[in-house]
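1. when you get a sec, could you give me coordinates for this:
(chains A and B)
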There are 2 protein chains.
Amino acid sequence: MNPFIQAVINANEEIYHLISSGINNALAVETTIGAGGDISTLLDIKAEDIFVKHLSSFGKIESEESGIIGDGTSHIIIDPIDGSFNFINGIPFFAFCFGVFKNGEPYYGLTYEFLTKRFYEAHKGKGAYLNKKRIRVKEFNQKNIIISYYPNKNMDLEKLRNKVKKVRIFGAFGLEMCYVAKGTLDAVFDVRPKVRPVDISSSYIICKEAGAVITDENGDELKFDLNATDRVNVIVANSKEMLDIILDLI
Amino acid sequence: MNPFIQAVINANEEIYHLISSGINNALAVETTIGAGGDISTLLDIKAEDIFVKHLSSFGKIESEESGIIGDGTSHIIIDPIDGSFNFINGIPFFAFCFGVFKNGEPYYGLTYEFLTKRFYEAHKGKGAYLNKKRIRVKEFNQKNIIISYYPNKNMDLEKLRNKVKKVRIFGAFGLEMCYVAKGTLDAVFDVRPKVRPVDISSSYIICKEAGAVITDENGDELKFDLNATDRVNVIVANSKEMLDIILDLI
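-> Predicted structure coming up:
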């Protein structure tokens, strides 16, 4: 096995043991949300420590907590808990996101859905995989649309409701992107805007390799600036047809 | 231990083993939704067989698949998979619901969230419990509202959006009711209407014992007709204030 992937797996196993104890606390009866917040922050920092230990020899590590670590030609970007509100509040929908950029381009992505033990993974040009099985976006069917969305105040929610069959809103954007990649959702979009590109870098390459279309609010290709702290508008859709429906609404 | 509760636990353990194998299939890569639907129907029937075996000596069993079984003074009502679309499509949010009525009144409820192994449970007049710890609805705070909802075409979604801080839509109404009971959601409502009272009978008593307000679209107490196949409007809220906000929208 590629030593890098092995290091990722080792780090994930260590982080999973750590986070499992946090999950057991968070999934029990919630009485002290404040304490949950502390647990989450603590886990974020500890999870990053583990990743730095396992992976800093392979490249730079970007993260909110640690800044830039390492000095290779690759950038490693981690979001220890995508869906931290859910995690803190005992909602079983959150993931760990791990992305690698080489020379400023997405190169590898791994999004790990802890509770279901689902590994979403993609290498640039080699397809997207869920637990080692190839995944593809769902074929678009306008009579059977299921989406997740985070709208802004200008969006016409009535018009949206008439277009879609089902809505699911899980509150973990990077993981919801993987649900588009595996064909459960037709699309997910956030136009508040609240998404930080660095947080979705792993799911970005997974979606791309699964055949998804990913744009900004104008339908233009999403641009990654790895140093950005900006929040951006992101639309992830299984097809041009689905994208056009969303662009028409915002 | 009460022999009835022991029988419920025994049935749940057997059903959980059965459904776990179904979960493993459904949570793997989804390629054949149709086959998933068959799995769900098959599991529904098998789960009911297990319950009938363990519980028919205690009272009548009502279910979509089996009609009425048994001849006691109690009614046992089961919904083997609350959130069956989720189950079929690999969305980790579904539960098993088990309710008992005596002389037409809710008496006992158990809603079991499989993936997180959370047992929500209530006896009439004795409080609501999550894994044996007492739960209560969240205290209402109008600046921090988080809700789930299934609107109808007449509802003003813009107005709703201005009132709430966060939206989560999980697609399993009985389980979302338990999220109100444990204080994660402020409210959940379905005014399409799509909810069958018999499907939410366990969560109904859990919510009542946790301090929730449960009404129809007019703010009147929800009435249970156990033989009804009707779909009803249901609002479950943590407080009168929260209820009033919802009633104002529909």
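
2. is it true that residue A:50 touches residue A:15?
-> Yes: the pair residue A:50 / residue A:15 is scored as a contact, 5.1 Å apart, by Cβ atoms under 8 Å. C-beta: built from backbone N, CA, C; applies to glycine.

3. more neighbours: the two, which one.
-> residue A:15 (24 against 21; other Cβ atoms under 10 Å in any protein chain shown).

4. which residue packs closest to residue A:150, ignoring adjacent ones?
-> Leaving aside its sequence neighbours, residue A:150 sits nearest to residue A:190 (Cβ to Cβ, 6 or more residues apart in numbering or on different chains; 4.0 Å).

5. got phi/psi on that neighbour?
-> With angles defined as degrees, to the nearest 10, residue A:190 sits at phi -130, psi 110.

6. what sits against it?
-> A:149-150, A:173, A:233-234 (Cβ atoms under 8 Å, 6 or more residues apart in numbering or on different chains).

7. residue contacts, residue A:231?
-> Applying Cβ under 8 Å, 6+ apart, the residues near residue A:231 are A:192-196.

8. from those, list just the buried residues.
-> A:193, A:195-196 (16 or more other Cβ atoms under 10 Å in any protein chain shown).

9. mind giving me CSV with the contacts of residue A:231 and columns for distance to residue B:97?
-> Compiled in CSV, those are given as follows (distance: Cβ to Cβ, whole Å):
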residue, distance to residue B:97
A:192, 35
A:193, 39
A:194, 34
A:195, 35
A:196, 39
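
10. now those in TSV, with distance to chain B and pLDDT?
-> Below are the contacts of residue A:231 laid out as TSV (distance: Cβ to the nearest Cβ, whole Å; pLDDT from 0 to 100):
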residue	distance to chain B	pLDDT
A:192	11	90
A:193	16	89
A:194	12	88
A:195	16	90
A:196	18	86
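
11. now intersect these with the strands, please.
-> A:192-195 (DSSP state E).

12. and stretch A:121-139, which residues are buried?
-> Buried residues in stretch A:121-139 (16+ other Cβ under 10 Å): A:121-123, A:128-130, A:135-138.

13. between the residues you listed, which sits nearest residue B:4?
-> residue A:130 (41.7 Å; Cβ to Cβ).

14. hmm, the closest one is touching residue A:117, no?
-> No: here residue A:130 does not reach residue A:117: they are 10.9 Å apart, not a contact under Cβ under 8 Å.

15. what's the helix or strand for the residue most central in space within chain A?
-> In chain A, the residue lying closest to the centroid (Cα atoms, centre = their mean) is residue A:174, at 1.8 Å. For residue A:174, the host element (DSSP states H and E) is helix A:173-181.

16. kindly report the same for residue A:119.
-> Per DSSP H and E: strand A:118-123 holds residue A:119.

17. partners of the residue nearest to residue A:150 in the sheet?
-> For residue A:190, the beta-bridge partners are residue A:150, residue A:234 (DSSP bridges).

18. please apply the same query to the one 5 residues further on.
-> Applying DSSP bridges to residue A:195 yields these beta-bridge partners: residue A:232.

19. how about it, what does it touch?
-> A:173, A:231-234.

20. ranges for the helices of chain A?
-> A:3-27, A:33-55, A:84-88, A:157-163, A:173-181, A:201-209, A:240-247 (DSSP state H).

21. out of those helices, flag the one nearest chain B.
-> helix A:157-163 (4.1 Å; Cβ to the nearest Cβ).

22. need the residues that contact that closest one.
-> Contacts of helix A:157-163 (Cβ under 8 Å, 6+ apart): A:142, A:145, A:149, A:151, A:167, A:245, A:249, B:151, B:153, B:157-158, B:161.

23. what's the distance between the residue nearest to residue A:150 and residue B:235?
-> 28 Å (Cβ to Cβ, to the nearest Å).

24. cool, residue A:84 as well?
-> Distance from residue A:84 to residue B:235, counting by Cβ to Cβ: 29 Å.

25. what about those two, which has more around it?
-> residue B:235 (24 against 19).

26. the residue lying closest to that one once chain neighbours are set aside - how many residues pack around it?
-> Counting by Cβ to Cβ, 6+ apart, residue B:189 is the residue found nearest to residue B:235 once chain neighbours are left out, at 4.2 Å. By other Cβ under 10 Å, 29 other residues sit near residue B:189.

27. and the ones in strands among the contacts of residue A:231, which is closest to residue A:104?
-> Distances from residue A:104 to the ones in strands among the contacts of residue A:231, taken by Cβ to Cβ, are shortest for residue A:195, at 19.2 Å.
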